[in-house]
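Asks: The following block contains a protein sequence and its predicted model.
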Amino acid sequence: MPPAATAGASETDDVRAAAAGDRQAFQRLYRKHVDRIHGAVWRLAGYDHARAEDLTQDAFIRAWQKLPGFRHESAFGTWLYRLAINVALMDIRARGADPVDMLDDDHLPDAGQSPFCAAERGELERAIGKLPPRARAVLVLHDVEGWRHQEIGNELGMATGTSKAQLHRARGLLRKVLGEQT
């Protein structure tokens with residue numbers, strides 16, 4: 001069997017075992033997927049490490065609870081990713097449109113995680129963190145995570161046109177914060 005098929009079968013076996021209550025199998029799934037999940041919710045959380053840690057843990061707790069109902073219609077990683085994004089989006093909704101607090105340098109990513117120099121990266125991360133939560137969510141989901149507007153609209157409960165408008169707004173706010181002329 002090719003290595004890729006073996007790896008897929010191994011994950012499928014771990015998913016089935018974890019759904020039956022095998023904590024070690026779930027731990028293997030956690031280790032395999034935690035970095036991607038944390039990265040996605042961290043960006044949606046406005047680069048707040050503590051909040052991202054909480055949301056990541058909430059996502060995996062929810063996955064453990066819902067795993068027996070996983071129908072294998074998609075890859076486990078896809079299912080888990082969508083579940084985690086939903087956890088982060090519910091957090092954004094629960095916080096409403098409250099302004100995002102200014103970020104300090106402790107919330108910025110480590111050097112090497114971005115193609116920008118440290119000063120540019122820091123400035124960009126702070127600017128994204130200052131966006132209103134829904135605008136930030138649309139920007140991150142579209143420009144960073146690669147979602148289509150229809151998917152964003154479905155997840156955020158907004159029309160596709162509203163998603164496009166929020167993205168336009170977010171980009172405009174970023175340009176303003178970064179001092180670029182529109």
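Replies: Sure, I can see it. Numbers count the residues shown, from 1 in each chain.
Asks: hey, let's count contacts and neighbours off CA atoms from now on
Replies: OK.
Asks: list the contacts for the spatially most central residue of the chain?
Replies: Residue closest to the mean C-alpha point of the chain, counted by C-alpha atoms, centre = their mean, is Ala40 at 2.4 Å. Residues in contact with Ala40 (C-alpha atoms under 8 Å, 6 or more residues apart in numbering) are 85, 145.
Asks: try Glu145
Replies: Ala40.
Asks: ok so, going back, what mean pLDDT would you report for the helix or strand hosting the residue nearest to the centre of the chain?
Replies: Here Ala40, judged by DSSP states H and E, is contained in helix 23-44. Averaging pLDDT along helix 23-44 gives 94.
Asks: and the next element down the chain from it?
Replies: Using DSSP H and E, the first helix or strand after helix 23-44 is helix 49-66.
Asks: which helices and strands does that next one pack with?
Replies: helix 23-44, helix 76-95 (3 or more C-alpha pairs under 8 Å, 6 or more residues apart in numbering; DSSP states H and E).
Asks: what's in contact with the shortest one?
Replies: Among residues not part of helix 76-95, those counted as contacts by C-alpha under 8 Å, 6+ apart are 12, 15, 33, 36-37, 40-41, 44-45, 55-56, 58-60, 62-63, 133-134, 137, 155-156.
Asks: Any chance you could give me it in CSV, C-alpha atoms only?
Replies: Below are the C-alpha coordinates for helix 76-95, written out as CSV (Å, rounded to 0.1, in the frame of the first residue of the first chain):
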residue,chain,number,x,y,z
PHE,A,76,-11.7,14.2,9.4
GLY,A,77,-9.3,17.2,9.1
THR,A,78,-11.9,19.1,7.1
TRP,A,79,-14.7,18.3,9.5
LEU,A,80,-12.5,19.3,12.5
TYR,A,81,-11.4,22.5,10.8
ARG,A,82,-15.0,23.6,10.1
LEU,A,83,-16.0,22.7,13.6
ALA,A,84,-13.1,24.9,15.0
ILE,A,85,-13.9,27.8,12.7
ASN,A,86,-17.5,27.6,13.9
VAL,A,87,-16.3,27.7,17.5
ALA,A,88,-14.3,30.8,16.8
LEU,A,89,-17.1,32.4,14.8
MET,A,90,-19.6,31.7,17.7
ASP,A,91,-17.1,33.4,20.0
ILE,A,92,-17.0,36.5,17.6
ARG,A,93,-20.8,36.5,17.6
ALA,A,94,-21.0,36.2,21.4
ARG,A,95,-18.7,39.2,21.7
